[in-house]
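In: Pasting a predicted model and its sequence here:
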Amino acid sequence: MNEVESLARKAVRGAGYDWGLAEEAGKATRWTCAAGWPGATALAHLLDHTKDMSKAELGPASLTGTWVAKQGVLCPITTGASLCDLASDWADGRIAEIGPVMQPMLLIPYLVWAADRTGAALSLRLEGLRLTRAEGETYLHDPDIARQAAQADWVRVEPAGVPPVKADLGARLNRAYRAELSRETVTTLNRLAKRTYAPETESSRLGGAGAGLSDND
């Protein structure tokens, strides 16, 4: 999971997001993979689509009313950061309609963090899924999140009442401790991560370990 988070963070930065968003996105990717979902694949598809787009255009144009992108479809990385920033609003009973949004799976960790930050139970809904975060646990009414589409036309975030019998919230999510990434996913993320590396120069080659113009052996 450490390797997944590190690679995801570098790939997000290489795709043009700032380091703060990249740090959060790396953790979000790790969270989804630890849930047993294809979070790294979702991230690879997202970044391949947004790598050359203006990130300012991918966030919510306004945080009042329905959240929509300034142009096109919302990015879960920029949208998720806004969702977390408003954690106290959700705890106070605010409801948000969001969408359309790309790779909505990647929004889920941000909702989890917002709920944990205040201790308030929160719910996220989209077509075919209801997820609730309450008292440090995640519950799903549709555990097969992996089949969700690459885009959701709408997402709803709202406070969640916790029933006396938590089974009514759905199945409790169990955590995994290893992630399985396809070769295609790793190739895409590595290609973007390489954009963060400083280009090699003559001086760096000469200054590298074991490098030089003379042979002292």
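Out: Thanks, I have the structure now.

In: Please count neighbours and contacts with C-alpha atoms only from this point.
Out: Fine.

In: the strands in this structure, which residues?
Out: For the chain, the strands defined by DSSP state E occupy 96-98, 101-102, 122-126, 129-134, 137-140, 151-152, 155-159, 171-172.

In: Quick check: which of the ones you listed has the most neighbours on average?
Out: Most buried of the strands of the chain, by mean neighbour count (mean count of other CA atoms under 10 Å): strand 101-102, with a mean of 25.

In: That strand packs against which elements?
Out: Using 3 or more CA pairs under 8 Å, 6 or more residues apart in numbering; DSSP states H and E as the contact test, the elements touching strand 101-102 are strand 151-152.

In: which strands and helices sit next to the strand it packs on?
Out: With contacts taken as 3+ CA pairs under 8 Å, 6+ apart, strand 151-152 sits against strand 101-102.

In: got the contact list for the strand it packs on?
Out: Outside of strand 101-102, the residues that reach it under the criterion CA atoms under 8 Å, 6 or more residues apart in numbering are 46, 73-76, 150-155.

In: Which members of these are classed as buried?
Out: Those of the contacts of strand 101-102 that meet the buried threshold are 46, 73-76, 151-152, 154-155, by 16 or more other CA atoms under 10 Å.

In: Can you lay out these as TSV showing pLDDT?
Out: Below are the buried ones among the contacts of strand 101-102 laid out as TSV (pLDDT from 0 to 100):
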residue	pLDDT
L46	96
V73	93
L74	96
C75	96
P76	96
Q151	90
A152	91
W154	92
V155	94
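
In: would CSV of these with distance to L63 be doable?
Out: Listed next are the buried ones among the contacts of strand 101-102 as CSV, based on distance: CA to CA, whole Å:
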residue, distance to L63
L46, 22
V73, 15
L74, 12
C75, 14
P76, 14
Q151, 20
A152, 18
W154, 15
V155, 14
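
In: Among those residues, which one sits closest to R125?
Out: V155 (5.7 Å; CA to CA).

In: so how far is R94 from the closest one?
Out: Between V155 and R94 the distance is 14 Å, computed by CA to CA, to the nearest Å.

In: which residues does the residue lying closest to G170 once chain neighbours are set aside contact?
Out: Of all residues not flanking G170 in the chain, H141 sits nearest, at 4.5 Å (CA to CA, 6 or more residues apart in numbering). Applying CA under 8 Å, 6+ apart, we find H141 in contact with 129-131, 169-171.

In: just the CA coordinates of the lengthiest helix in the chain, formatted as PDB?
Out: Longest helix in the chain by number of residues, with DSSP state H as the criterion: helix 19-34. Extracted in PDB, the C-alpha atoms of helix 19-34 (Å, rounded to 0.1, in the frame of the first residue of the first chain):
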ATOM      1  CA  TRP A  19       1.600  18.800  -4.400                       C
ATOM      2  CA  GLY A  20      -1.100  19.300  -1.800                       C
ATOM      3  CA  LEU A  21      -3.800  17.800  -4.000                       C
ATOM      4  CA  ALA A  22      -1.300  15.100  -5.000                       C
ATOM      5  CA  GLU A  23      -0.700  14.100  -1.400                       C
ATOM      6  CA  GLU A  24      -4.400  13.800  -0.700                       C
ATOM      7  CA  ALA A  25      -5.000  11.900  -4.000                       C
ATOM      8  CA  GLY A  26      -2.200   9.400  -3.100                       C
ATOM      9  CA  LYS A  27      -3.900   8.700   0.200                       C
ATOM     10  CA  ALA A  28      -7.300   8.500  -1.500                       C
ATOM     11  CA  THR A  29      -6.000   5.900  -4.000                       C
ATOM     12  CA  ARG A  30      -4.500   3.900  -1.100                       C
ATOM     13  CA  TRP A  31      -7.800   4.000   0.700                       C
ATOM     14  CA  THR A  32      -9.800   2.700  -2.200                       C
ATOM     15  CA  CYS A  33      -7.200  -0.100  -2.900                       C
ATOM     16  CA  ALA A  34      -7.400  -1.000   0.800                       C
END
